[in-house]
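# Dropping the sequence and predicted coords here.
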Amino acid sequence: MPTWQGKSKGSQTGYRIFVFVLKKLGLHSSYFLLRFVALYYFFFSYKSSKPLFQFFKYRLGFKLHKAITSLYHNYYQFGQSLIDKVAAMAGIANQFTFHFDGEEHLFDIIDQNRGGILLSAHLGNWEIAGHLLQRLNTTINIVMFDGEHQKIKDYLKDVVGERKVKVIVIKNDISHIYAISEAFRNNELVCMHADRFLEGNKTFTHSFLGKDAQFPMGPFVLASKFKVPVSYVFAVKESSSHYHFFATKGNDYAHVPKAEVMNTMLGDYVNGLENKVHQYPLQWFNYYDFWKN
């Protein structure tokens, strides 16, 4: 059965085409081109369409016709998220607007002067909102697997330049743990996705949308070990040029018995994720068998 392999969808050629169209014709022309790309994935990407269809049909209870049409709309919105990410980072487009719910909670975390963890998921478009968090007057560290194709990463680096945030790469050694610890000592924020893991990683099992699913243990272990505030954050697209950012109040779970801290955090995370999935089902961007059906 398909599992996540630590790599993101997309090819270097695809990125080149959309960056060219973005620069020459603008954002909406790129969206028009994207309609044909989404159709291609709809008809020919069975490997990703099967688990996505099962998500719509069995986890969300969509009728057959709605589940099928949702496949196309999901691919289209995923493509938009990639285009928007490149446009925002490269300064090609400045027409996006944002609404922030809970930004004050992030300022509160910074005021505590001990750093914090922001946990998100592959829902919506976290990266496009991430560059706006610079107004928090602290460094943003994004923790990720080094699974993207290196040629894509090098090409985007040439286009958008160096990121204005730090990237902490998860490796086989424990060097990323030291980097995260250093970030907390400097009162920086560490951003992580808590919905994916590689085979062999330690996991929790928790009911999610009516069926048990596995979640990586790592993000919750880090939050428990370093005893820093945790906020659950999501950034979703609500129109062609408008994003909505959500952040919960920071919680260090000091009031929770030590043996229950990680399970309590996981429960809070899953509850928040379920709520956002029901609100924005077309922006669920996990293209593998999340529940191992």
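Looks like it came in fine.
# give me every residue that touches Gly79.
By C-beta atoms under 8 Å, 6 or more residues apart in numbering, Gly79 lies in contact with Leu34, Val37, Ala38. C-betas here are computed from N, CA, C, even on glycine.
# any idea which helix or strand carries the closest residue to it other than its chain neighbours?
Sequence neighbours aside, Leu34 is the residue nearest to Gly79 in space, at 4.3 Å (criterion: C-beta to C-beta, 6 or more residues apart in numbering). According to DSSP states H and E, Leu34 maps onto helix 27-44.
# For that helix, buried residues please.
Along helix 27-44, these residues count as buried under the neighbour rule (16 or more other C-beta atoms under 10 Å): Leu27, Ser30, Tyr31, Leu33, Leu34, Val37, Ala38, Tyr41, Phe42.
# Same check on stretch 183-193?
Ala183, Phe184, Asn187, Glu188, Leu189, Val190, Cys191, Met192, His193.
# Which one of those residues is nearest to Gln112?
Asn187 (8.3 Å; C-beta to C-beta).
# Next, format the buried residues of stretch 183-193 as a markdown table and append distance to Gln112, pLDDT and secondary structure.
Listed next are these as a markdown table, based on distance: C-beta to C-beta, whole Å; pLDDT from 0 to 100; DSSP: H, G, I helix; E, B strand; the rest coil:
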| residue | distance to Gln112 | pLDDT | secondary structure |
| --- | --- | --- | --- |
| Ala183 | 14 | 95 | helix |
| Phe184 | 11 | 96 | helix |
| Asn187 | 8 | 95 | coil |
| Glu188 | 13 | 94 | coil |
| Leu189 | 12 | 94 | strand |
| Val190 | 14 | 93 | strand |
| Cys191 | 17 | 91 | strand |
| Met192 | 19 | 91 | strand |
| His193 | 23 | 92 | strand |
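# Tell me the one of these nearest Leu106?
So of these, ranked by how close each gets to Leu106 (C-beta to C-beta), first place is Leu189, at 7.3 Å.
# you'd agree the closest one is up against Val143?
No. Leu189 is beyond contact range of Val143, at 10.9 Å (criterion: C-beta atoms under 8 Å).
# nearest residue to Gln214 other than its sequence neighbours?
Thr203 (4.1 Å).
# hang on, the earlier thing: ok, the residue nearest to Gly79 - contacts?
Counting by C-beta under 8 Å, 6+ apart, Leu34 has contacts Phe18, Tyr76, Gly79, Gln80, Ile83.
# Next, find the distance separating it from Asp101.
The spacing between Leu34 and Asp101, counted by C-beta to C-beta, to the nearest Å, is 28 Å.
# hmm, back to that, what's the farthest-apart pair in the contacts of Leu34?
Phe18 and Tyr76 (13.3 Å).
# quick one: which of those two has more around it?
Phe18 (21 against 18; other C-beta atoms under 10 Å).
# so what's the more buried one scoring on pLDDT?
On pLDDT, Phe18 comes in at 65.
# What of Gly91?
Value for Gly91, per-residue pLDDT: 64.
# What of Ile83?
Per-residue pLDDT puts Ile83 at 86.
# what does Val159 give?
Val159 carries a pLDDT value of 53.
# Equivalent analysis for Asn172, please.
On the pLDDT scale, Asn172 is placed at 74.
# how would you label it: helix, strand or coil?
Under DSSP: H, G, I helix; E, B strand; the rest coil, Asn172 falls in the coil class.
# Since that was my last question, I'll sign off now.
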